[in-house]
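Enquirer: Okay, sequence plus prediction incoming.
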Amino acid sequence: GENVEQHPSTLSVQEGDSAVIKCTYSDSASNYFPWYKQELGKRPQLIIDIRSNVGEKKDQRIAVTLNKTAKHFSLHITETQPEDSAVYFCAAQVEGGSEKLVFGKGTKLTVNP
Amino acid sequence: DVKVTQSSRYLVKRTGEKVFLECVQDMDHENMFWYRQDPGLGLRLIYFSYDVKMKEKGDIPEGYSVSREKKERFSLILESASTNQTSMYLCASRRTDTQYFGPGTRLTVL
């Protein structure tokens, strides 16, 4: 089955710096890759996703890139702000397959003012 | 706006008790999921359901069962709670792509 590895497990940056979180997946059939943000005490919420027919997707200060050949995808946050502090989870899924997402273990991002 | 609710935010039970965690969604989603979240282990899938009365085992189904009698409701059952089932339990639902999570139930088994 699918296995998703996520790195780093913790990341600390200064406000205004960029942050990058990387994930690798094992199943070459996976074709949908969402990222979730979970603030302290709150539920995970989708922040951006990408499908395998696209190499990059941007939404304001966040972007996701996908390298299908290497089977890895990354989340990029630019101009970080304290409110970006949260745990971020990547996930992978075979759309049209088992319908289940396989999550990485999460990255705790801390943005220091 | 999609709403996924869970019956309790906090729950304390004793070892050996039968525990029911309920999840309700109001968007007519076919797929519903139960996860447990533990520090350093991320979100691990316990069970999921893609239709009424249908269920599939996830990655860690041992010690759990589920029930889906109505489309909007998905219940997680701990037949005989044990201390190693102390955790945060998250329910989610999905129709096409976006998965929506409930607020979570923090279960403590003493």
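Expert: Perfect, thanks for sending it. Numbers count the residues shown, from 1 in each chain, chains lettered A, B, ... in the order given.

Enquirer: residue ranges with poor pLDDT in chain A?
Expert: In the predicted model of chain A, residues A:96-98 satisfy pLDDT under 70.

Enquirer: need the residues of it near chain B, please.
Expert: Residues of chain A lying close to chain B by CB under 8 Å from any CB of the partner chain are A:6, A:9, A:32, A:34, A:42-46, A:49, A:89, A:95, A:98-106. C-beta: built from backbone N, CA, C; applies to glycine.

Enquirer: Within its local environment, how many residues does residue 105 see?
Expert: No chain was given, so I picked chain A. 20 (other CB atoms under 10 Å in any protein chain shown).

Enquirer: hm, I was asking about chain B
Expert: What B:Thr105 shows, counting by other CB under 10 Å, is a neighbour count of 22.

Enquirer: Run through the bridge partners of it.
Expert: Per DSSP bridges, the residues bridged to B:Thr105 are B:Tyr89.

Enquirer: Centroid-nearest residue for chain B?
Expert: B:Trp34 (3.2 Å; CA atoms, centre = their mean).

Enquirer: Now for that one: which residues touch it?
Expert: Neighbour list for B:Trp34: B:21, B:23, B:45-48, B:58, B:64, B:66, B:74, B:76, B:89-91 [criterion: CB atoms under 8 Å, 6 or more residues apart in numbering or on different chains].

Enquirer: Check B:Gln99 too.
Expert: Counted by CB under 8 Å, 6+ apart, B:Gln99 has contacts A:Pro34, A:Leu46, A:Leu101, B:Phe33, B:Ala92, B:Ser93.

Enquirer: Which of those are buried, as a ChimeraX select command?
Expert: Here is the ChimeraX command that selects the buried residues among those (16 or more other CB atoms under 10 Å in any protein chain shown):
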select /A:34,101 /B:33,92,93
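
Enquirer: Mind checking which of the residues of chain A next to chain B are buried?
Expert: A:6, A:32, A:34, A:43-44, A:49, A:89, A:99-106.
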